[in-house]
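Visitor: Got a sequence here, can you build the structure:
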Amino acid sequence: MIKLTARQEQILNLIREAIENTGFPPTRAEIATELGFRSANAAEEHLQALARKGAIEISPGTSRGIRLRDMNPEHEPNRFGAKQMALPHPSLMQLNLPLIGRVAAGSPILAQEHVEATYNVDSSLFSAKPDYLLKVRGLSMRDVGILDGDLLAVKKADSAKNGQIVVARLGDDVTVKRYKKSGSVIELLPENPDFKPIRVEAGQDDFALEGLAVGLLRAWG
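Guide: Next up, the predicted model:
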């Protein structure tokens, strides 16, 4: 049994809740804001302590590279409902993912003509196994750290829970937004006050969920 301090338990629970609700672990800045730390460095110190105790694993070079260690090897949800992949042998950790660019209206998102490239990516970077990478366009999700040009890792899905970040198709457009459903009405919520929510009415035939966001890659420099 891992012995944690009260603060470490608090941070571990925060990580679990973020993964369950959004598919992403939190950033250091988000942890600091949530728990009232003066800087992200304070959050980093606690994360390093959790890593030393074996409660989490940290992937260097990515702001959300935090993984829980309490998953079973079949990728099933743990008792908190959070889904994360168990670490395989290092030689098996590379995923070959297609990068999706512009998506033509009316055609499947994984159609060959949409694939700009393929990438070999470390599977430990993601909260669940993705099916493809989507190139983000625009800044509507800026306030959760999803920026123009980022590569969003997406797991194919046709349903979502409130609060999850989704990839949705609306007519000729594919968009990344936070999902909210109330009754029969779906709202696709931006994370930037310069953008307005998108309302989807029941039975709207030009709307479809394409997947859930499970991670993020960014090219630095």
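
Visitor: low-confidence ranges in this protein?
Guide: 1, 23, 60-63, 70-93, 103-107, 219-221 (pLDDT under 70).

Visitor: Just the helices from it, written as ranges.
Guide: 6-22, 28-35, 40-52 (DSSP state H).

Visitor: Of all these, which one is nearest Leu133?
Guide: Leu133 lies closest to helix 6-22 among these, at 17.8 Å (CB to CB). In short, each C-beta sits where N, CA and C put it, glycine included.

Visitor: Now the closest one: buried residues?
Guide: For helix 6-22, burial by neighbour count (16 or more other CB atoms under 10 Å) applies to Gln8, Ile11, Leu12, Leu14, Ile15, Arg16, Ala18, Ile19, Glu20, Asn21, Thr22.

Visitor: the strands in this structure, which residues?
Guide: 56-58, 66-68, 94-100, 115-122, 132-135, 151-156, 165-170, 173-182, 185-189, 198-200, 207-217 (DSSP state E).

Visitor: Which elements pack onto the second one?
Guide: What it means is strand 66-68. Identification of packing neighbours for strand 66-68 by 3 or more CB pairs under 8 Å, 6 or more residues apart in numbering; DSSP states H and E yields helix 6-22, strand 56-58.

Visitor: Which of those sits closest to Leu147?
Guide: helix 6-22 (16.3 Å).

Visitor: I'd like the distance between Gly138 and Ile146.
Guide: Applying CB to CB, to the nearest Å, the value for Gly138 to Ile146 is 10 Å.

Visitor: Could you chop this structure up by domain?
Guide: 6-68, 90-217 (automatic domain parsing).

Visitor: Specify the beta-bridge partners of Ile165.
Guide: Arg178 (DSSP bridges).

Visitor: Show the end-to-end separation of stretch 168-186, please.
Guide: Start and end residues of stretch 168-186 are separated by 11 Å (CA to CA, to the nearest Å).

Visitor: Please read the previous query as pertaining to stretch 101-114.
Guide: Span of stretch 101-114 from end to end, CA to CA: 6 Å.

Visitor: next one: stretch 22-36
Guide: 21 Å.

Visitor: If you count neighbours, what's buried in that stretch?
Guide: Thr22, Gly23, Phe24, Pro25, Pro26, Thr27, Arg28, Glu30, Ile31, Ala32.

Visitor: Need the residues that contact it.
Guide: The set of residues external to stretch 22-36 that reach it, using CB atoms under 8 Å, 6 or more residues apart in numbering, is 7, 10-11, 14-15, 18-19, 37-44, 46-47, 63-67, 127-128, 144-145, 155, 163-165, 178, 212-216.

Visitor: Minimum distance to Ser123: which of the helices of the chain has it?
Guide: Nearest of these (CB to CB): helix 6-22, 15.3 Å.

Visitor: Count the residues that sit near the nearest residue to Asp206 once chain neighbours are set aside.
Guide: Excluding the flanking residues, the one nearest Asp206 by CB to CB, 6 or more residues apart in numbering is Gly171, at 4.4 Å. Close neighbours of Gly171, defined as other CB atoms under 10 Å, add up to 11.

Visitor: quick revisit: Throw the strands of the chain into JSON lines and include distance to Pro108 and mean neighbour count, thanks.
Guide: Shown next, in JSON lines, are those (distance: least, CB to CB, whole Å; neighbours: other CB atoms under 10 Å):
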{"stretch": "strand 56-58", "distance to Pro108": "34", "mean neighbour count": "17"}
{"stretch": "strand 66-68", "distance to Pro108": "31", "mean neighbour count": "23"}
{"stretch": "strand 94-100", "distance to Pro108": "10", "mean neighbour count": "17"}
{"stretch": "strand 115-122", "distance to Pro108": "11", "mean neighbour count": "14"}
{"stretch": "strand 132-135", "distance to Pro108": "11", "mean neighbour count": "22"}
{"stretch": "strand 151-156", "distance to Pro108": "10", "mean neighbour count": "22"}
{"stretch": "strand 165-170", "distance to Pro108": "10", "mean neighbour count": "21"}
{"stretch": "strand 173-182", "distance to Pro108": "11", "mean neighbour count": "18"}
{"stretch": "strand 185-189", "distance to Pro108": "20", "mean neighbour count": "17"}
{"stretch": "strand 198-200", "distance to Pro108": "20", "mean neighbour count": "15"}
{"stretch": "strand 207-217", "distance to Pro108": "9", "mean neighbour count": "22"}
